[in-house]
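In: would you be able to build a 3D model of this:
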Amino acid sequence: MKKRNKGFTLIELLVTIALMSIFSVFALRLFTNGFILHNDYRARSLDFFEETVKKSKAEKLLKEYPIRCDPKGTWTFNSENSDSLMNLFPYKASRCAHKAGGWIVIYAEGFSTFVLM
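Out: The predicted model follows:
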């Protein structure tokens, strides 16, 4: 009578466990990199959104209220409540320059826009 061996040998089990370990390391690395890339994308999207809101707010203020630009490059709103408006302006260290055709450019780090005088 022949003896039938059922089951796996110890070598087969060890090889299977080793291969599963190797594959799981690669899968975990890909999974972790996916989370890192997603978080980076979220942070960049948030920065872009915040910068877009700042630019829109600055351009709205500059379109609605007249400004005054002196030759030194400093500027202010030409209005009764210019101090309040300057506090609302999102780019605190902004400068100005006169351009041809009555245009004034207002610029700061990451921002520039033209205003017609």
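In: right, and the helix or strand after the helix ranked longest in the chain?
Out: What stands out as the longest helix in the chain, according to DSSP state H, is helix 10-64. Moving toward the C-terminus from helix 10-64, the next helix or strand (DSSP states H and E) is strand 67-69.
In: buried residues, that next one. List them.
Out: Ile67, Cys69 (16 or more other CB atoms under 10 Å). The way it works is simple: take the backbone N, C-alpha and C, and place the C-beta from them, glycine included.
In: with stretch 48-58 instead?
Out: Buried residues in stretch 48-58, counted by 16+ other CB under 10 Å: Lys54, Lys55, Ala58.
In: contacts for that stretch next, please.
Out: With CB atoms under 8 Å, 6 or more residues apart in numbering as the contact definition, stretch 48-58 has outside contacts at Leu88, Phe89, Pro90, Tyr91, Ile106, Gly110, Phe111, Thr113.
In: mind doing that once more with 6 Å?
Out: Pro90, Tyr91, Phe111 (CB atoms under 6 Å, 6 or more residues apart in numbering).
In: same thing with stretch 13-29?
Out: Outside stretch 13-29, not one residue touches it by CB under 6 Å, 6+ apart.
In: that one: how far from the chain's middle?
Out: Offset of stretch 13-29 from its chain centre (CA atoms, centre = their mean, to the nearest Å): 37 Å.
In: over to stretch 47-60?
Out: For stretch 47-60 - counting by CA atoms, centre = their mean - the centre lies 12 Å from the chain centre.
In: one more: stretch 37-54?
Out: How far stretch 37-54 lies from its chain's middle: 3 Å, per CA atoms, centre = their mean.
In: so where is this structure shaky, pLDDT-wise?
Out: Within the chain, the stretches with pLDDT under 70 are 1-4, 116-117.
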